[in-house]
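K.L.:
Coordinates only, no sequence provided:
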């Protein structure tokens, strides 16, 4: 478990990380209507993860914070608008 994060949020972060390389899980997520977080959580639960919509939102925030820290400086140096 990551320090300072509830176990279920950590599980949501593991789900997000699994999406990077699990093609079958990616296909299931693509079938979910955009913005339907309840259905997205349902896909995750069926895959063995345990978290709710609020914990998924918290995991998204954490994931984006980490991405900004990792890519932020490089993005600004490359002149990217979104960095």
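P.N.:
Structure received. Every value quoted in this text rests on a predicted model; they were computed, and no experiment measured them. Numbering: from 1, shown residues only.
K.L.:
Now for the spatially most central residue of the chain: which residues touch it?
P.N.:
Computing the C-alpha centroid of the chain and ranking residues by CA atoms, centre = their mean puts residue 16 first, at 3.5 Å. Contact analysis of residue 16 by CB atoms under 8 Å, 6 or more residues apart in numbering lists 59-60, 63. For glycine as for every other residue, the C-beta is placed from the backbone atoms N, C-alpha and C.
K.L.:
what do you get if the cut-off is 7 Å, keeping everything else the same?
P.N.:
Residue 16 is in contact with 59, 63, counting by CB atoms under 7 Å, 6 or more residues apart in numbering.
K.L.:
residues of the longest helix belonging to the chain that come out buried?
P.N.:
Under DSSP state H, the helix in the chain containing the largest number of residues is helix 53-77. Counting neighbours by 16 or more other CB atoms under 10 Å, one finds that the buried residues in helix 53-77 are 55-56, 58-59, 62.
K.L.:
could you dump those to TSV with pLDDT and distance to residue 30?
P.N.:
What follows is the buried residues of helix 53-77, written out as TSV (pLDDT from 0 to 100; distance: CB to CB, whole Å):
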residue	pLDDT	distance to residue 30
55	96	22
56	96	17
58	95	23
59	96	19
62	93	23
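K.L.:
in what helix or strand does residue 50 lie?
P.N.:
Under DSSP states H and E, no helix or strand contains residue 50.
K.L.:
That one against residue 8, yeah?
P.N.:
Yes. Between residue 50 and residue 8 a contact is recorded at 6.1 Å, counting by CB atoms under 7 Å.
K.L.:
elements contacting the longest helix of the chain?
P.N.:
helix 7-18, helix 37-46 (3 or more CB pairs under 7 Å, 6 or more residues apart in numbering; DSSP states H and E).
K.L.:
To residue 68, which of these lies closest?
P.N.:
Residue 68 lies closest, by CB to CB, to one member of the helices and strands packed on helix 53-77: helix 7-18, at 14.9 Å.
K.L.:
Could you tell me the angle between the direction of that closest one and that of helix 37-46?
P.N.:
90 degrees (axes from the mean of the first three to the mean of the last three CA atoms, to 10 degrees).
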